[in-house]
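>>> please find the sequence and the predicted model below.
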Amino acid sequence: MDEHFELLHDRLKLTPTQQEEVSRKHNGVSKSLYKEFYDGDYNPETRLIIGSHGKHTETRHPIGDIDLIFKIPKADLEKYQAYEGNGPSALLQRARTQIQKTYPNTTEVKSWGKVVLVSFGDGQHDVEVLPCYENEDKTFTIPNSENGGSWDSFDPRAEMDMVSDSQQETGLTRRMIKIVKRWRRKNNVSIKSYQIEFFCVSFLSTEYVSSKSWSQLIEEFFIWLELQSADYDESALTRITSVKNRSGKARQLELDEKFDEACLEWRKVFGRQFPLYDSDLATIKALEATYPVENEEFIHDRFPVKIDKSIGLRINSRLKRPGFREYDGFSGFFRRGHRLIPFESSLEFSVKSDLGKEANYYWKIRNFHDEAQKAGDLRGAIVKDENKLRHTETSKYTGTHYVDCYAVVAGTVVAIARRFVPIGEEL
């Protein structure tokens with residue numbers, strides 16, 4: 001079942017498009033402020049990403065702000081500390097005015113308290129930027145414009161180091177935080193992100209053992225979390241007790257080898273991001289890890305995945321080879337005593353779907369093993385079917401490969417079909 005939790009985590013990560021958008025926004029805001037406070041070429045060392053993005057614990061949903069520190073020169077700090085009136089407010093207003101010059105049409109820029117909020121109006125990540133001075137001990141002197149203005153001390157690296165150190169020790173802290181955040185969102189639990197990070201780190205510091213499965217860790221975490229009731233309200237406690245019981249039920253189903261039912265129970269905890277049971281998933285994950293592709297595409301990065309088990313989707317196959325009998329389906333070929341599909345065969349895959357042409361279909365070919373790797377042909381791109389409902393390939397490389405077909409309705413993946421393709425010397 002570990003691979004199902006890993007797939008859940010994969011579905012929680014920012015999509016490549018979101019990653020590019022986050023980078024573009026925090027770089028844009030940082031470069032804008034650099035022009036105001038410094039001369040010369042932009043130095044990225046003047047900014048520090050903090051919050052969930054800085055700790056690498058952000059999730060795809062909900063879309064949160066990008067928390068950003070911009071380091072001002074010491075001369076500017078001294079200038080605003082000596083300011084007649086509210087120096088912190090004046091510093092924030094200066095930063096706000098500069099950002100507005102950079103984004104005059106597409107954003108709302110406002111300042112209050114300690115930050116300047118850059119709201120891009122696109123429904124995606126906004127930026128909260130804190131202009132402040134970095135002290136020699138790596139803490140920050142930050143402006144607080146409230147109550148006439150003051151200068152506070154801030155140490156964001158303490159929380160960042162807490163998560164980073166735990167991640168280095170266990171190898172899974174960040175994944176666990178994201179998974180628990182998913183439970184919080186699914187069940188509307190009144191616990192803050194930073195509390196979840198602290199809880200996960202604290203739990204793993206005493207309870208982590210490398211031999212424990214994901215389901216065991218998650219069940220034990222919620223048992224442990226229930227005992228921390230002084231740190232959250234009664235509403236959260238009720239939900240924690242519920243998820244503790246449900247996790248125990250899901251784990252027992254797994255131990256009883258009722259994997260379909262176990263996945264359905266975990267979906268009640270995490271929602272549809274937790275995958276339905278797939279007996280091939282362990283094989284797929286192992287192959288992908290052994291033969292990785294740098295820019296491999298995954299359907300959950302393109303569309304939400306909400307599988308409807310009532311929808312039938314199948315990949316039919318046809319095997320052709322010059323001078324040999326044509327086979328309508330691989331099974332007939334294998335029944336003739338063959339174990340592997342011979343090289344240079346034409347392989348035609350077609351969609352058999354309850355949805356017909358009401359859905360859009362996408363194909364993915366993934367090759368594995370040494371021959372495909374040496375040829376630089378491991379593939380992994382997702383391509384849209386152009387209403388032909390067919391896809392043709394030629395068998396080239398020794399090994400077991402696969403073909404995926406995805407049915408997409410109204411922008412959501414509702415069905416997935418897979419066909420393994422074992423290729424080798426003809427017997």
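The structure has been received and is ready for your questions. Numbering: from 1, shown residues only.

>>> T170: what's it in contact with?
For T170, the contacting residues are 204, 208, taking C-beta atoms under 8 Å, 6 or more residues apart in numbering as the criterion. Just so you know, the C-beta spots here come from the backbone N, C-alpha and C atoms, and that holds for glycine as well.

>>> check it and give its pLDDT.
Confidence at T170, expressed as pLDDT, is 97.

>>> could you report the separation of it from S202?
T170 sits 12 Å away from S202 when distances are taken as C-beta to C-beta, to the nearest Å.

>>> next: N188.
23 Å.

>>> neighbour-wise, which of these two wins?
For N188 and S202, the more surrounded residue by other C-beta atoms under 10 Å is S202, and the numbers stand at 16 against 9.

>>> my read is that one is in a helix, agree?
Yes - counting by DSSP: H, G, I helix; E, B strand; the rest coil, S202 is located in a helix.

>>> so who does it touch?
Counting by C-beta under 8 Å, 6+ apart, S202 touches no other residue.

>>> do G121 as well
106-108.

>>> helix, strand, or coil at it?
For G121, the assignment made with three-state DSSP gives coil.

>>> need the pLDDT of it.
Per-residue confidence (pLDDT) for G121: 88.

>>> kindly report the same for R339.
Per-residue confidence at R339 stands at 72 (pLDDT).

>>> same deal with the one 4 residues further on?
The pLDDT attached to F343 in the predicted structure is 88.

>>> nearest residue to it other than its sequence neighbours?
Setting aside the residues directly before and after it, F343 is nearest to S395 in space (C-beta to C-beta, 6 or more residues apart in numbering), at 5.6 Å.

>>> what sits against the residue nearest to E219 when sequence neighbours are not counted?
What sits nearest to E219 in space, not counting adjacent residues and going by C-beta to C-beta, 6+ apart, is S247, at 4.2 Å. Contact analysis of S247 by C-beta under 8 Å, 6+ apart lists 215, 218-219, 222, 269.

>>> would you mind giving the secondary structure of S247?
The three-state label given to S247 by three-state DSSP is helix.

>>> follow-up on the earlier one: just confirm the residue nearest to F343 contacts E344, I think it does.
Yes - S395 is in contact with E344 according to C-beta atoms under 8 Å; the separation is 6.6 Å.

>>> which SSE is the residue lying closest to T102 once chain neighbours are set aside in?
Using C-beta to C-beta, 6+ apart and skipping residues adjacent in sequence, the residue nearest T102 is S32, 3.9 Å away. Assignment of secondary structure by DSSP states H and E places S32 within helix 16-37.

>>> and that helix, which residues are buried?
The neighbour-count criterion (16 or more other C-beta atoms under 10 Å) identifies 18, 21-22, 25-26, 29-30, 32-34, 36-37 as the buried residues of helix 16-37.

>>> for E58, state which of those residues is nearest.
Within the buried residues of helix 16-37, proximity to E58 (C-beta to C-beta) peaks at V22, which comes in at 8.2 Å.

>>> who's in contact with the closest one?
Here V22 is in contact with 14, 53, 66, 125 (C-beta under 8 Å, 6+ apart).

>>> relative to S215, how far out is the nearest residue to E261 once chain neighbours are set aside?
Of all residues not flanking E261 in the chain, L253 sits nearest, at 4.7 Å (C-beta to C-beta, 6+ apart). Taking C-beta to C-beta as the measure, L253 falls 10 Å from S215.

>>> same deal with L313?
For L313 relative to S215 (C-beta to C-beta), the value is 28 Å.

>>> assumed V421 was part of a strand.
Yes - the assignment for V421 by three-state DSSP puts it in a strand.

>>> for it, what are its contacts?
Applying C-beta under 8 Å, 6+ apart to V421 gives the contacts 330, 341, 347, 395, 400-403.

>>> tell me what it is bridged to.
Counting by DSSP bridges, V421 is bridged to H401.

>>> now it: how far from K364?
Relative to K364, V421 is positioned 12 Å away (criterion: C-beta to C-beta).

>>> what touches both of these two?
Applying C-beta under 8 Å, 6+ apart, one finds that V421 and K364 are jointly contacted by V403.

>>> point out the other helices and strands that the helix or strand harbouring G380 packs with.
G380 belongs to strand 379-384 when assigned by DSSP H and E. Applying 3 or more C-beta pairs under 8 Å, 6 or more residues apart in numbering; DSSP states H and E, we find strand 379-384 packed against strand 360-366.

>>> distance from the chain centre to the strand it packs on, please.
Chain-centre distance of strand 360-366: 21 Å, with C-alpha atoms, centre = their mean, to the nearest Å.

>>> go on, stretch 297-304?
Distance, centroid of stretch 297-304 to centroid of chain: 10 Å (C-alpha atoms, centre = their mean).

>>> could you do stretch 305-312 as well?
Put simply, stretch 305-312 sits 22 Å off its chain's centre (C-alpha atoms, centre = their mean).

>>> cool, stretch 2-17 as well?
Averaging C-alpha coordinates over stretch 2-17 and over its chain gives two centres that are 5 Å apart (C-alpha atoms, centre = their mean).

>>> so for that stretch, what gets flagged as buried?
3-9, 11-14.

>>> what's the answer for stretch 125-138, then?
Neighbour-count burial for stretch 125-138, counted by 16+ other C-beta under 10 Å, picks out 125-134.

>>> could you do stretch 305-313 as well?
Neighbour counts over stretch 305-313 (16+ other C-beta under 10 Å) mark 305, 307, 313 as buried.

>>> can you give me the strands for the stretch 201-350 of the chain?
Chain-ordered strands for the stretch 201-350 of the chain, with DSSP state E, counting those that start in this stretch as the definition, fall at 313-320, 346-353.

>>> now the first one, how far from the chain's geometric center?
Counting by C-alpha atoms, centre = their mean, strand 313-320 is centred 32 Å from the centre of its parent chain.
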